[in-house]
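Peer 1: For reference, the sequence and a predicted model appear below.
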Amino acid sequence: MTAITLPQDVREAIADWRGWLANERRASNHTTENYLADLYAFLGFVKDHLGDPPTLRDLLRLNPRDFRSWLARRSMDGMAKTSTARALSSLRNFYRFLERSGRGQNAAVQSIRNPRLPQSTPKPLAPDDAMAVLENADAWQDEPWLGKRNLALFTLLYGCGLRISEALDLNANQRPTGDSMVITGKGNKQRLVPVLPIVRDAIEDYVRTCPFAPNGDDPLFLGARGKRLVAQVAQREMRKVRELLNLPDTATPHALRHSFATHLLAGGGDLRTIQDLLGHASLSTTQRYTAVDTEQLMAVYNGTHPRARR
């Protein structure tokens, strides 16, 4: 993951941390890889900052000024504040593990404030656009089973409101066979999600045609070589559909989850139920969708109401 040659004590700490994330925290593969990428990027900065690959002792002796220099470098490199906030969270997690495993502590990293994030409004697709994505999910694939895989994945995201990481972490024996399925989300929290027949049928159609015949503990969604599908490939496939339909750049796999929530709200769904379906820990997170619904309502009003056109 990195060209840096790290000292043995740091390599061992990272390996133990990775195992702890997977076995103790039950972190998804997606989350674990993001954490590791953030840490390695930070270690690359520290190497340049100190002049040599950092030892564990070096990492434990970093002070607030060092961490602020790292934040400043990310800002100069044009990194988004949301990305930096996640990276800082990854570092804190790593340093907490170092303390928990008896390797030492560094209070400085815990004292660094998160960058102030703008309150972003979700960018859902219009209902017709969401349906067009599903109708064209397999439009360009030479291998029919890959097209069916894309259709199954996108239908699952839009039909059940899953995060892309939740969908890609599913194994074959976890796919829906009835009217609901149990999803393990952030913080290893489980929730029950209703499953529409069209979602179930799309997944079964994909599994039947997949040459790798996913079964049991095999990954449900597979790449062209039979390995677990990764988020970058899913995003690339969505980009092809987006370009085909001339949709905005905000039409991403995650936008299908936003669309699920927004369209439920527009159809009369209550916030508490939508919160449960999405797996949000806080109702305030779900309430962002009311802003989207209000924006759409005002757009319709301004475009159609006689008084609005005067």
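Peer 2: In hand now; what should we look at? Numbering: from 1, shown residues only.

Peer 1: Enumerate every residue touching L222.
Peer 2: Listed by C-beta atoms under 8 Å, 6 or more residues apart in numbering, the contact set of L222 reads R149, C210, F212, P214, R228, L229. No exception for glycine: its C-beta is placed from N, CA and C like everyone else's.

Peer 1: which residues does it form a beta bridge with?
Peer 2: Going by DSSP bridges, L222 is paired in beta bridges with R228.

Peer 1: mind checking how far it is from A234?
Peer 2: L222 sits 12 Å away from A234, taking C-beta to C-beta, to the nearest Å as the criterion.

Peer 1: that older thread, just give me the closest of the contacts of L222 to L59.
Peer 2: In terms of C-beta to C-beta, no member of these lies closer to L59 than R228, at 31.3 Å.

Peer 1: List the buried residues in the longest helix anywhere in the chain.
Peer 2: Scanning the chain for the longest helix, with DSSP state H as the assignment, gives helix 29-50. Within helix 29-50, the residues scored as buried using 16 or more other C-beta atoms under 10 Å are 29-36, 38-39, 41-43, 45-47, 49.

Peer 1: now stretch 189-208
Peer 2: For stretch 189-208, a neighbour-count test (16+ other C-beta under 10 Å) marks R191, V193, V195, V199, R200, A202, I203, Y206, V207 as buried.

Peer 1: Closest to W70 out of the residues you listed?
Peer 2: R191 (35.8 Å).

Peer 1: Tell me where the stretch 101-250 of the chain has strands.
Peer 2: All strands of the stretch 101-250 of the chain, identified by DSSP state E, counting those that start in this stretch, fall at 180-184, 190-194.

Peer 1: Break the protein into its domains for me.
Peer 2: By the assignment in automatic domain parsing, the chain contains the domains 8-111, 127-303.

Peer 1: For these, which has the smallest mean pLDDT value?
Peer 2: Mean pLDDT is lowest for domain 127-303 among these, at a mean of 82.

Peer 1: got the strands of the stretch 101-250 of the chain as TSV, with distance to K240 columns?
Peer 2: Listed next are these as TSV, based on distance: least, C-beta to C-beta, whole Å:
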stretch	distance to K240
strand 180-184	27
strand 190-194	27
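
Peer 1: looking at the ones you listed, which is closest to T84?
Peer 2: Nearest of the strands of the stretch 101-250 of the chain to T84, taken as C-beta to C-beta: strand 180-184 at 27.3 Å.

Peer 1: what angle sits between the closest one and strand 190-194?
Peer 2: Here the directions of strand 180-184 and strand 190-194 differ by 150 degrees (axes from the mean of the first three to the mean of the last three C-alpha atoms, to 10 degrees).

Peer 1: Pull the distance from strand 180-184 to the chain's centre.
Peer 2: Distance of strand 180-184 from the chain centroid (C-alpha atoms, centre = their mean, to the nearest Å) equals 17 Å.

Peer 1: Provide the strand pairings for it, with the direction of each partner.
Peer 2: With DSSP bridges as the test, strand 180-184 is paired with strand 190-194 (antiparallel).

Peer 1: Restricting to C-alpha, output the strand it pairs with in CSV.
Peer 2: As requested, the backbone C-alpha atoms of strand 190-194 are provided in CSV (Å, rounded to 0.1, in the frame of the first residue of the first chain):
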residue,chain,number,x,y,z
GLN,A,190,-27.7,-4.6,13.0
ARG,A,191,-31.0,-3.5,11.5
LEU,A,192,-33.8,-5.3,9.7
VAL,A,193,-34.5,-4.0,6.2
PRO,A,194,-37.6,-4.9,4.1
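
Peer 1: Give me the distance between it and the centre of its chain.
Peer 2: The chain centre lies 18 Å from the centre of strand 190-194; the measure is C-alpha atoms, centre = their mean.

Peer 1: By neighbour count, which of the contacts of L222 wins?
Peer 2: Highest neighbour count within these, by other C-beta atoms under 10 Å: R149, with 29 neighbours.

Peer 1: Give me the distance between I183 and M131.
Peer 2: Distance from I183 to M131, by C-beta to C-beta: 23 Å.

Peer 1: Looking at these two now, which is surrounded by more residues?
Peer 2: Taking neighbours as other C-beta under 10 Å, I183 and M131 compare with I183 leading, 21 against 13.

Peer 1: just checking, the more buried one touches Q190?
Peer 2: Yes. If you go by C-beta atoms under 8 Å, I183 and Q190 touch, sitting 6.8 Å apart.
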